[in-house]
Structures are given as structure tokens and as C-alpha cells.
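Engineer: coords please:
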Amino acid sequence: MKKAITIKDIAEALNLSRNTVSKALNGQYVPEKTRELVLSKAQELNYKSLSSANLVFSDKKYRILLVSARPLNNINFYISLVSSIENYCFERNYEFFQYIFNHKKNSFTKFSDYVKELSVDGIVALECFDKDFITNLLKLNIPICFHDFSHTSQNNYKNYDIICTNDEQSISNYVKYLHKKYNLNRYTFIGDQKHCHSFRKRYTGMLIGLKNLRIFHSSSEDITLSENNFNYGDIEALQDAISKLEQFPEIFICCNDFVARNVCIALKNMNKEVPNDALVVGFDNSAEAYSISPTLTTFSLDPHFLGSEILRTLIHRTDNRKVPTRFITISTDLISRESTERKTL
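Structural biologist: Modelled structure (predicted):
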């Protein structure tokens, strides 16, 4: 009987560690070239545990359009993410295009004509949360992969996938951890929780964590005003909103690092010390998280891995249009820093 091929066999054939080969075969992060090398060798050796879903090799040269609802070249996380998507296309000789859709200046008809003229095979949608724009995008009936999404679903359409981080579980677990470590009971969420799916899940995660701990929480203890009515970049406005809370919070869970940084500045102006007077948590591990003092505790997702995953998902969708819409969640890593490291006696 012919011996079954194992991960060890693939590792020895490529002079790689078994851990690296295992990660590549199981969708965990490894450099893209390493991943393709492992998958190619696994296919060559007829590795039995290799799912066809893992294989993305194709001779077809796709035309990929990245569309965003705002410029992304001033946001560190998106600079890395877009670069990863662009490199993924470049390495495979895919044609890559970008389009910034301005709701005030652009008509969707103009955008639609542009898409048709390019004969686009697939669309990557970043920072696209407007429900009408999403509906019009889906009506194009072109394969789409969204990173994040509107906080409401689009159940009437097909031919798209959504990739998000597992924010609800991450923050729910972290609330439990902080309560056990510091016995914290007064939590405040800051951010427009209806802005997008991820912000909504971060808020929901906090509520679930508190419910599981049987800690009562009222929405009046949160600052979740619509971004149309409140500027989260306005430090004085944040100070005013925080000062109007009935009780001063023990911890601020912020929708992202940008807001968390501004909360830290607002608290400093209020003569409150982070983390001794209040803990602050952000999301995304952006430059704001490690370029201020105290440095921010945050949740991190490798943008290079995310970019590759978005493209793999999109290419699979272009070749399998009848596959049901998938909601794919990716785990984040907690980066614990000074803003939650309170000194204990």
C-alpha cells in the first residue's frame, strides 16, 4: 500500500518547518510566496487532506477594481492593506484599478459606466457602508468582497462575500478579563455603533460581556452619537460629552484607535490619568496606538494577511458565482499596552 503523504513529508521536500507548512495548509498567516509554494507541493505530492478550496491557482488574468467611499492614503492600516492587495495582483499579473466614490460629487451611473468599460471581473469594497451605495453595487451582479459592511444586512442579493474580524467575541472576552483583573463595573463605549458592522459588533461585544457578568448597563452611559451629528475628532466635544455622563467610567471601549487616542487627550485635559483614573482600549493597532503616551491597548489584524485573504475570497467567488454569500470572520490579536496596565498593590 502506498504511504500517505504527511505534513512532515511536505516540510522535508521544501526544507521548511512543519509549523510553517501546517499554517499554510490551514489558512493561517505565512508569506504569500511560501503559501503558494506549500500548496503547489501538496498538490504535486497528492496530499489527501488538501481541500480544493485551498487552491487558488488559475491561468486566468483577472481585472480587479478596488472601490472605496473615501481616500485611504492617510490611514496607516489601509495604506498597508491596499499595498497588500496591489502586490497580490501584481505577483499574479492581474490588472488592478482603484476608484474613490464621492457620494456628493459622483453619480453611480458614472461609476457603473466606468466598471462596464473596464470589464471588471471582481470588486474589492473598502470603507463602503452607505446602504444605497451597497445596494447599487450589488445590482451590478459582479463578484464583490467587502471588508467590513453596513450594520444592516443585504439579504436580497447574491454574489458577494464579507470579511470581518471577530470583534464581538474579542471584546466580550476582554471585558471578562478586565473584570477579573481589576473588578471594573463602569464601562463606556465611544463611537458611532451604527457606522458599520465592526463598530456595531464591538459595542455588542461589550454589552454581551457585561450581561454575562450580570453588570447592569444603560445606553445613557455610552457616547454613540451618529458621526453626522458628532465629531469624534473634536477633543473639546469629547470632553464635554464625557463630563455629562452620570458617572465617570472606569474604562472606555473605543470603536477604533483614532477615537481612543482622542479620548486619552480629552481625559488628560480633564486632569484624568490613563490608566490610573480610567482604562482606554482601541482597535486596529494603527499608528495612533503606539505613537502616543500612554501607548494604547488595542486589537490587531495583520493587513497583509487580510489583503491576501480578500483576494483569495474574491477569486474563489468569481469562479464559483453560485456559492451562497459567506460571512468570513478572522481572529484578532490583543496587544496589551500602557493604557490598560494599571499598577496594582
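Engineer: which residues does the closest residue to Y187 other than its chain neighbours contact?
Structural biologist: Once flanking residues are discounted, Y187 sits nearest to I251: 5.5 Å by Cβ to Cβ, 6 or more residues apart in numbering. Heads up, the C-betas are built off the backbone N, CA and C, glycines and all. By Cβ atoms under 8 Å, 6 or more residues apart in numbering, the contact set of I251 is 178, 184, 186-188, 278-281, 340.
Engineer: A241: which of the residues you listed is nearest?
Structural biologist: Nearest to A241, judged by Cβ to Cβ, of these is T188 at 9.8 Å.
Engineer: the helix or strand where the closest one lies packs against which elements?
Structural biologist: According to DSSP states H and E, T188 maps onto strand 187-190. Packing partners of strand 187-190 (3 or more Cβ pairs under 8 Å, 6 or more residues apart in numbering; DSSP states H and E): helix 197-212, strand 251-254.
Engineer: quick check: next helix or strand after the helix or strand containing V115?
Structural biologist: In the assignment (DSSP H and E), V115 maps to helix 108-118. Following helix 108-118 in sequence order, the next helix or strand is strand 122-126 (DSSP H and E).
Engineer: isn't L45 up against E12?
Structural biologist: No: applying Cβ atoms under 8 Å as the test, L45 and E12 come out as separate, 10.8 Å apart.
Engineer: got the domain ranges for the protein?
Structural biologist: Domains of the chain are assigned by automatic domain parsing as 7-54, 63-165+302-332, 167-301+334-340.
Engineer: circling back: for the residue nearest to Y187, name its beta-bridge partners.
Structural biologist: Y187, L279 (DSSP bridges).
Engineer: quick one on the thing from earlier: now the contacts of I251 as TSV including distance to E117?
Structural biologist: Converted to TSV, these look like this (distance: Cβ to Cβ, whole Å):
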residue	distance to E117
L178	52
L184	55
R186	55
Y187	50
T188	49
A278	53
L279	52
V280	47
V281	45
T340	50
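Engineer: let's have those in TSV, adding neighbour count and distance to L207.
Structural biologist: Converted to TSV, these look like this (neighbours: other Cβ atoms under 10 Å; distance: Cβ to Cβ, whole Å):
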residue	neighbour count	distance to L207
L178	22	15
L184	18	15
R186	15	14
Y187	22	9
T188	23	12
A278	24	19
L279	21	18
V280	26	18
V281	26	15
T340	23	19
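Engineer: so where's the stretch 51-200 of the chain uncertain?
Structural biologist: 51-59, 154-155 (pLDDT under 70).
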